[in-house]
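> A structural model of the following input is requested.
(one chain, ligands or ions: 1)
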Amino acid sequence: MSDSLSRRGFMQAAAAGSAFWSLQGSKTARSASTYVTDKPAVLGGRPAWTGNWPSWPQWDESWEPEILKILRSGRWFRGDGSGHIAHFETAWANLLGARRCLATASGTTALITSLYVVGVDAGDEVIVSPYTFNATYNAILINKALPVFADTDPTTWNIDPASIESRITDRTRAILPVHIFGLPCDMDPINAIAKKHDLAVVEDACQAWLAEYRGKKCGTLADLGCFSFQNSKHIPSGEGGAVTGNRDDLIDRCHAFHNCGRATGTFQGRGCFTRGSNFRIQHFQAAMLLPQIEKLVQETRVRQANADYLSAQLAEIPGITPARVPENSRAVWHLFPMRYDSEHFNGLSRVGFMRALRAEGIPSSTVYGEQYFDGMLDEAIASRGYQRLFGPKRLKDYRDSFQELTGNRQVCAKTVALSQTLLLADRRAMDQIAQAIRKIRAHSGELAKSA
Ligand SMILES: Cc1ncc(COP(=O)(O)O)c(C=O)c1O
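Here you go, the predicted model:
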């Protein structure tokens, strides 16, 4: 349990957007103009924010009876799924407007399952966004396919649809866009390319619970969508995941694959008709997820309102560029990324900027680097299996192509991101974030010299 948020605290905090945090905010509130001339905290001035930020995860004692009920039942595994798991699957599908949902052990296993079910096989290629948590790469690699990176659009942090088509080969089987940080990808052109080349599309919506693209929820925009409920996520159960989709045959195949290949639904009576694994969720996890659905809905509104408000303020600061969201779409802000251009801050490095921000009481992170250089892909490329499946020439060209990802390189070099919990604080806290950045910029010459 968090130190700063009592057991009963989160519901009030989320609902009010929040009364709890606004009390904290008022302790440190000062007029906006003070900050620009104030000394930055890193140079000995007063920090812009001295309150606590909401901690994560949050829970409530009202969850306990259902969890105890499962414990005392001795039926902890999925079995036929009836009970908490089935309730959650129905509720999640309804919330998203999807026909079906299958809960899984994690987001990674949801992705592995989905790629397998849409037909990704050993020796295939999958076009994917490079700017993602490396589980997305791994889900392709575990299926013994090659993650082929399209470039990242530096204005959206997402896959640039214009960079997809040139990467299609006769081995390409699927496209795997990632709605990173809960920012919806531009799905219409992606789906159009997929249709033209007869490719499957699986959405990595692992950070995009309730994000919307042109009136439809992320995770319902392609063949299958994948979610994560890992501890840091907006709806966490420690570990957990889900696949959503509108086709019974695909979800039934997913069900079979995640349950050791056992037939279900459309395939009933066919025994173990497919390969598979054990990627099952437990009832305990579903019992934690069910009461968080309404919490997620309410908190998403708070994050969205705060992100809109903060984006409008930051867009006015030279050198800070918030993310662009496609028209008629809504992001859900698992992280709030901004592009930091140091030339507008007298050359103050990104690390120096983040250190100054930290001193103001505002934590931030650089998030992902160019992970394709980290070693996992070199290990795959060097392996006997990949050499056999793709051959040395394709793999050499593949490795060389990482250098062409100039949009992604820029994003990796310039991102500064705030965590979703900051967006659960109140309006005043958003003002403090913007003011802290203005203050740092006003003193950036001095800061750059002292760094
Ligand atoms: C974009 C993305 N894809 C996939 C995953 C994998 O999900 P999990 O950690 O539940 O396996 C994550 C988790 O952080 C993620 O952020």
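
> Grab the nearest non-local neighbour of the residue located most distally from the centre of the chain.
What lies farthest from the middle of the chain is residue 269; by C-alpha atoms, centre = their mean that is 37.7 Å. Nearest non-adjacent residue to residue 269, counting by C-beta to C-beta, 6 or more residues apart in numbering: residue 263, 6.6 Å away. To be clear about C-beta, it is placed using only N, CA and C from the backbone, and glycine gets the same treatment.

> How many residues are close by that neighbour?
18 (other C-beta atoms under 10 Å).

> Hmm, it is touching residue 257, no?
No - applying C-beta atoms under 8 Å, one finds residue 263 not in contact with residue 257, separated by 10.9 Å.

> Tell me which residues touch the closest residue to the ligand within the chain, please.
Residue nearest to the ligand within the chain (C-beta to the nearest ligand atom): residue 107, separated by 2.5 Å. Contacts for residue 107 (C-beta atoms under 8 Å, 6 or more residues apart in numbering) come out as 135, 204, 206, 226-230, 241.

> Show the pLDDT at the residue lying closest to it once chain neighbours are set aside.
Using C-beta to C-beta, 6+ apart and skipping residues adjacent in sequence, the residue nearest residue 107 is residue 228, 2.7 Å away. Note for residue 228: predicted pLDDT of 98.

> Now do the same contact list for the residue nearest to residue 269.
Taking C-beta under 8 Å, 6+ apart as the definition, contacts of residue 263 comprise 256, 269-273.

> Of those, which is the most crowded?
In the contacts of residue 263, the most neighbours by other C-beta under 10 Å go to residue 256, 24 neighbours.

> Let me see the backbone angles for that residue.
phi -60, psi -50 (degrees, to the nearest 10).

> Quickly note the distance from it to residue 250.
For residue 256, the distance to residue 250 equals 11 Å [C-beta to C-beta, to the nearest Å].

> residues in the chain within reach of the ligand, list them.
Within the chain, the residues that sit near the ligand (C-beta under 6 Å from any ligand atom) are 106-108, 132-133, 135-136, 178, 204, 206-207, 228, 230, 241.

> In helices only, show me those residues.
Using DSSP state H, the subset of the residues of the chain next to the ligand located in helices is 107-108, 135-136.

> With distance to residue 146 and pLDDT as added columns, please give the residues you listed in a markdown table.
Below are those laid out as a markdown table (distance: C-beta to C-beta, whole Å; pLDDT from 0 to 100):
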| residue | distance to residue 146 | pLDDT |
| --- | --- | --- |
| 107 | 21 | 98 |
| 108 | 18 | 98 |
| 135 | 17 | 98 |
| 136 | 13 | 98 |
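
> coming back round to it: which one of the contacts of residue 107 sits in the busiest neighbourhood?
residue 226 (33 neighbours).

> ok, it touching residue 240?
No - taking contacts as C-beta under 8 Å, residue 226 lies outside contact range of residue 240: 11.8 Å.

> Give the residue spans of the chain that score low on pLDDT.
1-37 (pLDDT under 70).

> Could you point out the longest helix of it?
Under DSSP H, the chain gives helix 292-314 as its longest helix.

> by contact count, what packs against it?
helix 9-16, helix 84-96, strand 320-322, strand 335-340, helix 427-442 (3 or more C-beta pairs under 8 Å, 6 or more residues apart in numbering; DSSP states H and E).

> Mind listing what's buried along that helix?
292-293, 295-296, 298-300, 302-304, 306-307, 310-311, 313-314 (16 or more other C-beta atoms under 10 Å).

> now the angle between helix 427-442 and it, please.
Here helix 292-314 runs at an angle of 40 degrees relative to helix 427-442 (axes from the mean of the first three to the mean of the last three C-alpha atoms, to 10 degrees).

> between helix 292-314 and helix 84-96, how big is the angle?
40 degrees.

> relative to strand 335-340, how tilted is helix 292-314?
20 degrees.

> what's the spacing between helix 292-314 and its chain's center?
With C-alpha atoms, centre = their mean, to the nearest Å as the basis, helix 292-314 stands 15 Å off its chain's centre.

> got a list of contacts for it?
Applying C-beta under 8 Å, 6+ apart, the set of residues contacting helix 292-314 is 10-11, 14-15, 17-18, 91-92, 95, 209-210, 234-236, 320-323, 330-333, 336, 338, 420, 423-425, 427, 430-431, 433-434, 437.

> Just the buried residues out of these, in PyMOL syntax.
Selection of buried members from these for PyMOL, criterion 16+ other C-beta under 10 Å:
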select buried, resi 10+11+14+17+18+91+92+95+209+210+234+235+236+320+321+322+323+330+331+332+333+336+338+420+423+424+425+430+431+433+434+437
